[in-house]
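J.: My questions are about this predicted structure, shown below with the sequence.
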Amino acid sequence: MQSPEALSKRLDFYINCYETAGVGMCAIGLKETGELIGSSGLQPLENTGEIEVGYNLAEKFWRQGYGYETAIGWLAYGFNVMGLERIVAVCHPENTGSHKIMEKCGMHYEKTDWHYGQDCLFYAIERADFRG
């Protein structure tokens, strides 16, 4: 659970993403029921200027394909609609589900780097390598 201060800071970050880059995170809902299950989108990766694909699901929706479905959709949007040449993603090293999604999307591990206040695995994919 995040503090109100942390949530306020994160909300300011999301608003700034839309204002400066025209992209950001949005809610993920189940088509059948409208239930909100997480968030996903494209956003600038802090302090790098690169565009990051991100996804975050409630635990009860893990391992059902939603993470892959949303990530591959955002990659397609970034490359085919926005004309991006490269998209990155980061995750905590212990989050094996997330880096498996990145790899399934065709992203490749590049390094471990400091993002969002902790060490993260850093993945990337170039437009020429995207097969989504």
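T.: Noted; the coordinates are in hand.

J.: pLDDT (mean, whole number) over the helix with the most length in the chain?
T.: Across the chain, the longest stretch assigned as helix under DSSP state H is helix 4-21. Taken as a whole, helix 4-21 carries a mean pLDDT of 79.

J.: elements contacting that helix?
T.: strand 36-44 (3 or more Cβ pairs under 8 Å, 6 or more residues apart in numbering; DSSP states H and E). For the C-beta atoms, the positions are set from N, CA and C on the backbone; glycine is no exception.

J.: same thing but at 10 Å, please
T.: Packed against helix 4-21 by the contact rule (3 or more Cβ pairs under 10 Å, 6 or more residues apart in numbering; DSSP states H and E) you find strand 25-29, strand 36-44, strand 51-57.

J.: How about the backbone phi and psi for the closest residue to residue 104 other than its chain neighbours?
T.: Among residues not flanking residue 104 along the chain, residue 68 sits closest, at 5.6 Å (Cβ to Cβ, 6 or more residues apart in numbering). Here is the backbone geometry of residue 68 (degrees, to the nearest 10): phi -60, psi -50.
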